[in-house]
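K.L.:
Kindly generate the corresponding structure for this input.
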Amino acid sequence: LDIVLGKLRQQAVVAVSTQLEKKLELLFPGKVHKIFNFIDVDDIRRQWAGKRNLSYENPKIGIIGRLVPVKRVDLFIQTIALLNQNGLECTGVIIGDGPLQQLLTNYAKTLGVTDRIKFMGFMNPSMEALSELDLLLMTSDHEGLPMTLLEALALEIPVVAHNTGGIPEVLDNGHCGWLVDRHEAEGYADIILEILTPSLQNRSEKAEAGLNHLLQVFELEKNICKYIALYQQ
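P.N.:
Coordinates of the predicted model:
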């Protein structure tokens, strides 16, 4: 009944990704308009880009989000443990809180990486912690179009993410970051070990491509104009 009423009452429905647009079009045919999530790229870069100080000795690899099952922070911790076992001394930074906090703390202890995992808790805004990362890892089972990913591209932070949901669209199908199909610790660790090799030339190339893609597709003014045009129809 709610869906039927929604179809009748809604004049327009906004989808923030192509994946969501396809799903909504089935429910609201002819009423769906795709307008991407967006950020103020210039403002973020003005405040934070100059403060970045990359270090590939003991790099900081981060994940941002609620500590809930779909985010697969357990997989993030496994990946950090595996990287350290394979000779990459790194620190996993978990930014966020949630119901799995204690379980994940215990899991890090079980894997013997308590000293390699930092639980930062909820931070609002999270930009300062994000700007200090050398790499952003996204291990979610499913994602829409996460704002954190847009912010990482604005700061030219290398991104390794599960090839799911709206993520491939943001990363331009891998041109602006690294997409992982092997959704397990080994799959993420293999790519991260490659990325954090100092001689990897395309790390900076992908970061630059990510910033350009962000400015072309997910920039503030461009998408606000789309909302204004939609309301004026």
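
K.L.:
Who are the contact partners of residue 21?
P.N.:
Shown here is residue 21, whose contacts under the criterion Cβ atoms under 8 Å, 6 or more residues apart in numbering are 15, 32, 34. The way it works is simple: take the backbone N, C-alpha and C, and place the C-beta from them, glycine included.

K.L.:
so what's the last one up against?
P.N.:
Translated: residue 34. When contacts are counted by Cβ under 8 Å, 6+ apart, residue 34 is found next to 14-18, 21.

K.L.:
Now with 6 Å, please.
P.N.:
Remark: with contacts taken as Cβ atoms under 6 Å, 6 or more residues apart in numbering, residue 34 is in contact with 15, 21.

K.L.:
Backbone dihedrals for it, please?
P.N.:
The phi and psi torsions at residue 34 (degrees, to the nearest 10) take the values phi -90, psi 120.

K.L.:
what's the answer for the first one, then?
P.N.:
Main-chain torsions, residue 15, degrees, to the nearest 10: phi -110, psi 130.

K.L.:
Could you pull up phi and psi at the residue nearest to it when sequence neighbours are not counted?
P.N.:
Nearest residue to residue 15 in three dimensions, chain neighbours excluded: residue 21, at 3.8 Å (Cβ to Cβ, 6 or more residues apart in numbering). Main-chain torsions, residue 21, degrees, to the nearest 10: phi -60, psi -40.

K.L.:
for residue 204, same thing?
P.N.:
The phi/psi pair for residue 204 (degrees, to the nearest 10) reads phi -70, psi -30.

K.L.:
burial count for it?
P.N.:
Other residues within reach of residue 204, judged by other Cβ atoms under 10 Å, total 12.

K.L.:
what's the span of stretch 177-190, first residue to last?
P.N.:
The straight-line separation of the ends of stretch 177-190 (Cα to Cα, to the nearest Å) is 14 Å.

K.L.:
Could I get the contacting residues of the most centrally placed residue in the chain?
P.N.:
Closest to where the C-alpha atoms of the chain average out (Cα atoms, centre = their mean) is residue 149, at 3.3 Å. For residue 149, the contact set (Cβ under 6 Å, 6+ apart) comprises residue 170.
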